[in-house]
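Peer 1: Quick one: sequence and predicted model below, then my questions.
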Amino acid sequence: MADVAAALAEALAGERLRIVAGLIRVTRDWELAEDCVQDAAERALARWPVDGIPANPPAWLTTTARRRALDVLHRRHVEAAKLREVLALGELGSKPSEQEASGPYGDDRLRLLFACCHPALPLAGRVALTLKVVGGLSTREIARAFLVSEATMSQRLLRTRAKIEHAGIGFRVPEPRRLRDRISGVLAVVYLIFTEGYAATEGIYLRDDLAEEALRLADLLASLLPDDDEVLALRALLLLQHSRRAARTDTAGELLTMEEQDRRLWNQELITIGLRSLATARATERPPGFYRWQAEIAALHATAASPGATDWRRIVAAYDALLELRPSPIVALNRAIAIGFRDGPEAGLRAIDAGVADSALVPAVRAELLRRSGRWIDAASAYCEAIERARTEAERRQLQRRLDQLAGLTS
Amino acid sequence: MRYLMLVAADPDHTAEDEARAPSIETWGEQVTASGAWVMGERLRPTTDATTVRVRGGELLITEGPYTESKEWIAGFDVLDCPDLDAAIEIAASHPMAYMGRLELRPFWPLNEA
């Protein structure tokens, strides 16, 4: 039984997305496509222990899912031409889906990603649908990850699929002159999934399942679009940030700042792959984009032996470039932090006053800078404000701990 | 797929945007040649509009448009396109995309719930 489960999991990991994407292209019925794969998986669990695991599990799943689709469509009296198209999907399991004569963008999985991340869909719907259809997560898992009820998430998925159908969102790769913008839309969804897992905005702070799903999506994108510098840069960024995962919490599960982390716990394998992906992005010789600058910053952290050995000059320069490219309060705040390390805490505080919009994150940064410049009373009141405005319990405890340390110093 | 393209005037744009806008003649030639254009008209300004309601059995006639806003519908086109992206491309090459905003509304087929 364990063998069956393992064989099924492996076959699904490799082939589920191809089967779903192929069925959606031909039938345009998103729910049918997902149901058929689900049905094939259930049949495998029932049949394989009796009949033995088939010689080619992915091909078995593809055939079973396709037969199921044919049955359903037949009962719906779908015209014969459509049924023949579904039949032609039979080769899906044994070879990559057909390449369009037009070039390298003929993969159904890529079409599926562009449809899920279409800018005409609401952002929350894009994220949910990508996790459901591309990632293969269950509605319940996605609901849990975003702290909403299963019914709410189910509704969100339903409305998103309905808009695809009603608004006529096509199952195709955008034309070349729109490709860069649309790829950037797909990357934004993957990055959002990662950051939700990396630093959740509410509730439990770290959600590894989401972060790891984002890494899988980034790998998939990099395999489908191996020449796109921003795709490679995003993958590098996620790998480099995720490499610190084991060091980000102490044995009691409390969050640690980067300065407090034990750098020996950083995952060197992920860092190596991340740096390689970044090097490939650089080699395209395109001007660095949004994700490249962030990956460059992450790489400077990942390769510094200690907080003191960090190249803050280059990090500040990268934040300057980021601000120019896409100004945002969070980038401005991170730049002020970097200035605080390059030129001292007073300079960091001046950078905040000079041009960082207020947000829930500002008091915590200000508190750190005040503490480092020895202004302990101001620091304590900034910590109190930060604790009040913290969005998760883990952040709150981390800030409380810093405040307690400060009290220990002053008393 | 059929779409109603609502063409709205929107003062929120720059002279530079206006200078970049393609001509309506070029747009007309393109959409006619592509076969996507079904019909379309310019509309007189909202000062010429009349809003009609029946409430409690009584006919209410008011002058002006049904919404007060700085954007107003200046025209419409009906497009027939293979998918939304094709309609977006047609909208993006319309001069009013630069000087206003375009809303693409898919038709709701009669026989569909």
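Peer 2: Everything's here; your move.
Peer 1: Measure how buried the closest residue to chain A within chain B is and give me the count.
Peer 2: Of all residues in chain B, B:Asp83 sits closest to chain A, with a separation of 3.3 Å (C-beta to the nearest C-beta). All C-beta atoms are positioned from the backbone trio N, CA, C, and that covers glycine. B:Asp83 has 14 neighbouring residues, counting by other C-beta atoms under 10 Å in any protein chain shown.
Peer 1: And B:Glu16, by the same measure?
Peer 2: Neighbour count for B:Glu16, taken as other C-beta under 10 Å: 8.
Peer 1: about what we covered before: hang on, isn't the residue of chain B closest to chain A packed against A:Gly168?
Peer 2: Yes. Assessed by C-beta atoms under 8 Å, B:Asp83 is found in contact with A:Gly168 at 4.8 Å.
Peer 1: any shared contact partners between those two?
Peer 2: Residues touching both B:Asp83 and A:Gly168 (C-beta atoms under 8 Å, 6 or more residues apart in numbering or on different chains): B:Met1.
Peer 1: Do you know the pLDDT at the residue lying closest to A:Leu270 once chain neighbours are set aside?
Peer 2: In this structure, A:Leu270 finds its nearest non-sequential neighbour in A:Ser243, 3.9 Å apart by C-beta to C-beta, 6 or more residues apart in numbering or on different chains. A:Ser243 carries a pLDDT value of 96.
Peer 1: what do you get for B:Thr47?
Peer 2: pLDDT, B:Thr47: 89.
Peer 1: what do you get for A:Val331?
Peer 2: On the pLDDT scale, A:Val331 is placed at 93.
Peer 1: pLDDT below threshold where in chain B?
Peer 2: Within chain B, no stretch has pLDDT under 70.
Peer 1: Next secondary structure after the helix or strand hosting A:Thr63?
Peer 2: Per DSSP states H and E, A:Thr63 falls inside helix A:57-75. Using DSSP H and E, the helix or strand that directly follows helix A:57-75 along the chain is helix A:80-87.
Peer 1: pLDDT on the helix or strand that that next one is followed by, on average?
Peer 2: Next along the chain after helix A:80-87, taking DSSP H and E as the criterion, comes helix A:108-116. On average, the pLDDT along helix A:108-116 is 94.
Peer 1: Around chain A, which positions in chain B sit nearby?
Peer 2: Contact residues, chain B versus chain A (C-beta under 8 Å from any C-beta of the partner chain): B:1, B:3, B:81-89, B:104, B:106, B:108.
Peer 1: would TSV of those residues with distance to B:Ile61 be doable?
Peer 2: Listed next are those as TSV, based on distance: C-beta to C-beta, whole Å:
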residue	distance to B:Ile61
B:Met1	36
B:Tyr3	31
B:Cys81	37
B:Pro82	42
B:Asp83	41
B:Leu84	37
B:Asp85	42
B:Ala86	40
B:Ala87	35
B:Ile88	38
B:Glu89	40
B:Leu104	31
B:Pro106	31
B:Trp108	28
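Peer 1: Test for you: state the pLDDT assigned to A:Tyr102.
Peer 2: Small correction: residue A:102 is Ser, not Tyr. 39.
Peer 1: Tell me which helix or strand the residue nearest to A:Arg156 when sequence neighbours are not counted sits in.
Peer 2: Closest residue to A:Arg156 apart from its sequence neighbours, by C-beta to C-beta, 6+ apart: A:Ala128 at 5.2 Å. Following DSSP H and E, one finds A:Ala128 within helix A:123-129.
Peer 1: Name the single longest helix found in chain A.
Peer 2: In chain A, assigned by DSSP state H, the helix with the most residues is helix A:2-27.
Peer 1: okay, the angle between the helix or strand that it is followed by and helix A:80-87?
Peer 2: Toward the C-terminus, helix A:2-27 is succeeded by helix A:30-51 as the next helix or strand (DSSP H and E). Angle, helix A:30-51 to helix A:80-87, by axes from the mean of the first three to the mean of the last three C-alpha atoms, to 10 degrees: 50 degrees.
Peer 1: quick check: mean pLDDT across helix A:30-51?
Peer 2: For helix A:30-51, the per-residue pLDDT averages 94.
Peer 1: burial of the residue nearest to A:Leu270, as a residue count?
Peer 2: By the criterion of other C-beta under 10 Å, A:Ser243 has 23 neighbours.
Peer 1: my guess is it meets A:His301, correct?
Peer 2: No. With contacts counted by C-beta under 8 Å, A:Ser243 stays clear of A:His301, the gap being 9.7 Å.
Peer 1: any common contacting residues for those two?
Peer 2: Joint contacts of A:Ser243 and A:His301 (C-beta under 8 Å, 6+ apart) do not exist.
Peer 1: so how far is A:Leu225 from the residue of the stretch 301-411 of chain A found nearest chain B?
Peer 2: Residue of the stretch 301-411 of chain A nearest chain B, by C-beta to the nearest C-beta: A:Pro327 (18.8 Å). Distance, A:Pro327 to A:Leu225, by C-beta to C-beta, to the nearest Å: 27 Å.
Peer 1: Give the residue from the two that has the larger number of neighbours.
Peer 2: Taking other C-beta under 10 Å, A:Pro327 and A:Leu225 do not tie; A:Leu225 has more neighbours (21 against 11).
Peer 1: Show the contacting residues for the residue of chain A found nearest chain B.
Peer 2: Nearest residue of chain A to chain B: A:Gly170, at 3.3 Å (C-beta to the nearest C-beta). A:Gly170 makes contacts with A:Ala115, B:Pro82, B:Asp83, B:Leu84, B:Asp85, B:Ala86, as judged by C-beta under 8 Å, 6+ apart.
Peer 1: I'd assumed it was in a helix, is it?
Peer 2: No. According to DSSP: H, G, I helix; E, B strand; the rest coil, A:Gly170 belongs to no helix; its state is coil.
Peer 1: if I look at it, how far off is A:Leu123?
Peer 2: A:Gly170 sits 20 Å away from A:Leu123, going by C-beta to C-beta.
Peer 1: next one: B:Asp77
Peer 2: 28 Å.
Peer 1: Neighbour count for the two, which is higher?
Peer 2: Legend: neighbour count by other C-beta under 10 Å for B:Asp77 and A:Leu123, higher for B:Asp77 (22 against 13).
Peer 1: what residues does the helix or strand containing that one touch?
Peer 2: Using DSSP H and E, B:Asp77 falls within strand B:72-80. By C-beta under 8 Å, 6+ apart, the list of residues contacting strand B:72-80 from outside reads B:1-9, B:31, B:35-43, B:45-46, B:65, B:87, B:90, B:96, B:100, B:104.
Peer 1: Buried only: go through the residues you listed for me.
Peer 2: B:1, B:3, B:5-9, B:31, B:36-37, B:46, B:65, B:87, B:90, B:96, B:100, B:104 (16 or more other C-beta atoms under 10 Å in any protein chain shown).
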